[in-house]
Each structure stands twice: as structure tokens, then as C-alpha cells.
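**Q** take this sequence and fold it.
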Amino acid sequence: MKIYLLKNKVFISFFPLVRVAIKVYVEDGQVFSDIFHRTSVQRKESDCGLPLFNERIMGRPTVEHLLNMLGENINDSVWELLNYNDGQVEIYNAITASYALNELFCSCPNLAWAIIMNNYYGVGFHVVEYYARMKRRQLAASLIESPSEERVVNLLKKTEMLSGRKYELVILSRCLKELEIVESYKHRDKVTIQELYLAYRYRILSGSRLLANLCAVKKEFLREYKRGMCTLSKIVEDSVRIGENIGIKDSLNIITNCPDGDSVKYYHDKWTVKLRETTKLLRDDIFLERPALMDCPGIVFLSSINKLIVEGREMEHCLASYKEKVMNKESFIYKVTAITGERVTLELGVSKDKYFIKQAKGFRNAEPSNPVRGFYNTWLTDENERLRLIAEENRLAQNVSMRA
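**A** Numbering: from 1, shown residues only. Predicted structure coming up:
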């Protein structure tokens, strides 16, 4: 992309990669674009698809030149536009033309942006004006399909976008429908869209100091914040459960108010030691229902609570806190011993008659080696296939008996 700053226009060329060029100019205080593509011209487009006010993308000289072209028509609202890449010029033109939309943008920028993004193609000015004059709660319910409640509008007001892409509006809409999330952020002055994005997936962290700190660093895309979150969420859940098992009533608040992941790990390890020290073997052992999987040499189902406790002691991890999960058949625990002597504790779950790995941890929560991973993955794949064939045979036999 090459940019030419001319006297009363900005010329943007994408040659030779793409045969497209854009002429940006100002007319009656509005920013318009003529888009040249081969032999055709789209004249007086209200948005060329580029965030013209964004210095990082367009460069500081381009933004300064555009502001000079706008002259006295520019106002403080333009700096709020930097939070939005999609529809940036379109919303500038709209808030310049509409006093009602300008008022809405000053009080709740995300709602004004939502009006533009939801009416981006072929909608007249009167539609935008109609939406801008609606009550905030009704507008939020109409555009974002959220509950018509004041607390929803309050969260809309204080949510900061990451890069202002349309998919962020989709994520915001999804989160605002979850009143549990809305409620967890009612006391916060500011919330980032990346926090809401992660809070939707990892509810235990919603509204927490830990999540806010993790999202404080500015990144390019929302997906970049997901790295390591599954592992951290698992450690948080384990830590809270361990804390409850050793009698720490406030374990959830302690963990979610940690400043970072290292602090969570500190509490997890500290409480795990106490759990092992205080957990005693049951006088009357509780035996667990065996899953449909068959054991094999080196992979053995832990069939009782006492075996679970012993495994946790030997492996020095928090397995003793899984008593309720295994009794409720939420998890099935296996002891894995490789030919090399490496030990791994394997947690399995089941969904739609298929077993899957929830987690696998070695001594003191170490990660298993690749050969051991291959060992238990192969076993589980073979067992799932065996169960699938049995189920298929049963179905066929049932069909034959029904026909007979």
C-alpha cells in the first residue's frame, strides 16, 4: 500500500499487487472515497474500508493530513474512533451529520458503533437517526439482543474494544446475554473486550483480578489471549477444590484474586501438600463403578477411593481432591506405568459413549513424555474403536430381532 498526500486529497494505491486505488477527500465536512478498480469507479463511498484515523495502520502523516483537510469540522469525538477499525470513517460521517448519534457516541460509543455495524449496507440516514433516538436499554436489546436492563447498558458503556473489529461486537453481544457475566463486572469502572471474551469461556475467572491482569497487555487479536488459558483454568479449578477439601472456605476468592499464574501455582502446590498430609485412608473403602474400558498391562483403573488417595501420595499431586468427581462418574482415573518406569495419572471423561482425556500428569504434575503419551493415546483409541464396534454389532442384532 502506497499513500500519496496531495493538496486536498489522499491517494492510496495498491498497485501492482491489486489493481485498486482509492481517492479520499472531504466534502461538506464528510469524508468520502472514490474507489478505482480496473476500469470501474465507485464514487462518493462513505467508507473505503480502511481505518483512516488510525496512525498505526495509516501512519501519522496521513492522519494529520486528513485532520487538516477536515479543518474546523473536527472535534474531540474523533479520538474515540481510534478504538474502532471497522466502520471507522462511516461512524465519523454519521456522528458528524446526526446530533442524536453524536450524543449517543459521547455517552456510549459501543452502542453508536453497533448502530453503524448493524446497518452497514444500504441503510438510509433516517434509520440511523431512528435508532439513535431510542432509549438505551431498548436499543441494546434491539441491536445486540441482550436483556433490556440498565446493568447491561452500564457494561456496554465501560467496555473497551481491542481493535474494533466486527467480530468483537459479536463476542460482546454474546457476553451481554449472560447475566452472570454482567453481574460479575458491575463494580468495575472499565472492562476490556478480551476480559469478557475469556470470561465467557472460563466462567470461574469472570470478574476476577487474575483475569484483568492477564488481559492488561495489549495484543493484536483476541485469539492471542487464549494461549495457556486451558491449563491455567484447570489449575484454578483444582486449587479451589483442594482449598475446599482442606477447609479453606474462601479458596475461590483467594485464587481468583491472585495477581498472576505463578501465584495460583504457589497456592496450588502449598495446598496440595496439606491435602496429602491431612487426607487419611478410609476405614471402609468406597469402591467405584468400572467404566467400559478394559485395562491393559501398564494401564490400570483406580477402582476405589483409597487407591485414589494412595496414587495422590505416591505421585505427590492433588488426586485426593477428586473424590466427588469420581463418585459422580464425572471422571475416571487410571494409573499408567510405562516400560521405562515412568508413571502418569490419567483422568478420563466420557461423552456420547466415547472416552476422552481430560488431563494427564506425571510426578508432581510434570508433563508426560512423548512415548508415554503415545502409549496411553493408542490404548484409548483402540478401546474407543472396540466399544464402537460392539455398539454397532448390538444395533445390527437389535434390527435383525425386530424384523424377525
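
**Q** what's the spacing between residue 103 and residue 109?
**A** 11 Å (C-beta to C-beta, to the nearest Å). C-beta: built from backbone N, CA, C; applies to glycine.

**Q** and these two? Which one has more around it.
**A** residue 109 (23 against 14; other C-beta atoms under 10 Å).

**Q** verify the stated contact: that one with residue 83.
**A** Yes. With contact defined as C-beta atoms under 8 Å, residue 109 and residue 83 form a contacting pair (7.0 Å).

**Q** do a quick rundown of the helices in the stretch 201-350 of the chain.
**A** Remark: helices assigned in the stretch 201-350 of the chain by DSSP state H, counting those that start in this stretch are 209-214, 229-245, 251-256, 261-278, 305-315, 323-327.

**Q** and the angle from the fourth one to helix 229-245?
**A** Computed with axes from the mean of the first three to the mean of the last three C-alpha atoms, to 10 degrees, the direction of helix 261-278 lies at 40 degrees from that of helix 229-245.

**Q** mean confidence for helix 261-278?
**A** Across helix 261-278, pLDDT averages out at 93.

**Q** sorry, back to before: columns mean neighbour count on top of the helices of the stretch 201-350 of the chain, output as TSV?
**A** Shown next, in TSV, are these (neighbours: other C-beta atoms under 10 Å):
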stretch	mean neighbour count
helix 209-214	18
helix 229-245	19
helix 251-256	19
helix 261-278	16
helix 305-315	19
helix 323-327	16
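
**Q** turn those helices into JSON lines, including distance to residue 2.
**A** What follows is the helices of the stretch 201-350 of the chain, written out as JSON lines (distance: least, C-beta to C-beta, whole Å):
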{"stretch": "helix 209-214", "distance to residue 2": "39"}
{"stretch": "helix 229-245", "distance to residue 2": "40"}
{"stretch": "helix 251-256", "distance to residue 2": "50"}
{"stretch": "helix 261-278", "distance to residue 2": "44"}
{"stretch": "helix 305-315", "distance to residue 2": "61"}
{"stretch": "helix 323-327", "distance to residue 2": "60"}
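
**Q** nearest to residue 295, out of those?
**A** helix 305-315 (12.9 Å; C-beta to C-beta).

**Q** got a list of contacts for that closest one?
**A** Applying C-beta atoms under 8 Å, 6 or more residues apart in numbering, the contact partners of helix 305-315 are 275-276, 279-282, 285-286, 288, 302, 318-320, 322-323, 326-327, 333, 335, 343, 345, 361-364.

**Q** if we go to 6 Å?
**A** 276, 279, 281-282, 285-286, 302, 319-320, 323, 335, 345, 363 (C-beta atoms under 6 Å, 6 or more residues apart in numbering).

**Q** and stretch 38-48, end to end?
**A** Terminal residues of stretch 38-48 lie 16 Å apart, using C-alpha to C-alpha, to the nearest Å.

**Q** could I get the average pLDDT for it?
**A** For stretch 38-48, mean pLDDT is 87.

**Q** which positions in it come out as buried?
**A** Across stretch 38-48, burial judged by 16 or more other C-beta atoms under 10 Å covers 45, 46, 47, 48.

**Q** among those residues, which two are most distant?
**A** So, these by C-beta to C-beta: farthest apart are 46 and 48, at 8.8 Å.

**Q** for residue 280, grab phi and psi.
**A** Residue 280 adopts backbone torsions of phi -100, psi 150, taken as degrees, to the nearest 10.
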